[in-house]
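Q: Any chance you can model this:
(chains A, B, C and D)
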There are 2 protein chains.
Amino acid sequence: MAINKKDEFTKKENELSDFANAISHPARVAILKEIAKQEQCICGEIVQVLPLAQSTVSQHLKELLKAQLITGTVDGVKSCYCINWKTFEKFEKTFNEFFTKTNLNNPLLSGGNDKCC
Amino acid sequence: MAINKKDEFTKKENELSDFANAISHPARVAILKEIAKQEQCICGEIVQVLPLAQSTVSQHLKELLKAQLITGTVDGVKSCYCINWKTFEKFEKTFNEFFTKTNLNNPLLSGGNDKCC
DNA sequence: CATATCTATCGTATATTTACGATATATATT
DNA sequence: AATATATATCGTAAATATACGATAGATATG
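A: The predicted model follows:
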């Protein structure tokens, strides 16, 4: 972007959008699913499952690491990745709060009528 | 991106990442919050509240429209925006499914031990 | 020690996103 | 009819994201 204005928004708004950003690409959703399924994944296993080059997968893993949604440990020549459940739960909580708060004004739930123009 | 590979992922993976993408910028989170709070918002009200130029806000609104998270109607010279609750609930469901399914392997919840490498 | 394997990183190309000012268009208001 | 107001869109610049091949470094294997 021309100039980054993200500082001008609240911490909560940034936290939610940062989390959303972490899974805003199908490859990263697929990676998370695969790691969760296997409980732990060697990098190479993920590369085999995804329709992307090894270097691209590595880049997406880096994104997920940056968001702290996964952890990575080196095991000899291989790299092992796991879900960071602590962050995952915080992630879930952040989304739930967003949904809950927003739904306070949802007429479909409260039985009120939609005042939409 | 060089070549778009999103077609190579599943429909669900794309649906989740598309929704995530819709709120992957704090401005769009703030816009949704403001519209939900007011139940309906004139464009100009949103512009006043956000630290962004009018044209930039208009762009973000267009993104939210594209994701069908909001609806927009013209009211004379003004434009009125509302939450599209139908989509919002689908959105919530999609996220909940993601969290629920992923949590099936969460040792912090199932009481199992973390097999992470 | 030479060689193979795995993966992170670098370099690079292209696409997309973010941001703004300027402008066009449509509707009000005088 | 002239003017003011609101907003979408255009043009543009800069930043980021996405993708790949090539490569470097680390570890394993022969």
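Q: Closest residue of chain A to DNA strand D?
A: A:Gly76 (2.3 Å; CB to the nearest atom of the strand). Yep, even glycine has a C-beta here, placed from its N, CA and C like the rest.
Q: Report pLDDT for that residue.
A: pLDDT, A:Gly76: 95.
Q: any idea how far it is from chain B?
A: As judged by CB to the nearest CB, to the nearest Å, A:Gly76 and chain B stand 11 Å apart.
Q: Next: A:Leu104.
A: As judged by CB to the nearest CB, A:Leu104 and chain B stand 8 Å apart.
Q: same check, this time on A:Asn113
A: Separation of A:Asn113 from chain B (CB to the nearest CB): 10 Å.
Q: same thing with A:Trp85?
A: Using CB to the nearest CB, A:Trp85 is found at 5 Å from chain B.
Q: wait, that residue sits on B:Asp114?
A: Yes. The criterion here is CB atoms under 8 Å, and A:Trp85 meets it with B:Asp114 at 7.5 Å.
Q: so what's A:Ser58 up against?
A: By CB atoms under 8 Å, 6 or more residues apart in numbering or on different chains, the contact set of A:Ser58 is A:Cys43.
Q: do the same with A:Cys80
A: A:Gln40, A:Cys41, A:Ile42, A:Cys43, A:Gly72, A:Thr73, A:Val74, B:Cys116, B:Cys117.
Q: So it, which state does it fall into?
A: strand (DSSP: H, G, I helix; E, B strand; the rest coil).
Q: Could you do A:Thr71 as well?
A: Here A:Thr71 is strand, with the state taken from three-state DSSP.
Q: what's the neighbour count on it?
A: Other residues near A:Thr71 come to 19 when the count uses other CB atoms under 10 Å in any protein chain shown.
Q: That one and A:Lys6, how far apart?
A: 26 Å (CB to CB, to the nearest Å).
Q: What distance do you get for A:Ala27 to DNA strand C?
A: 14 Å (CB to the nearest atom of the strand, to the nearest Å).
Q: A:Tyr81 now?
A: A:Tyr81 is 7 Å from DNA strand C, by CB to the nearest atom of the strand.
Q: Also A:Lys62?
A: Counting by CB to the nearest atom of the strand - A:Lys62 and DNA strand C are separated by 6 Å.
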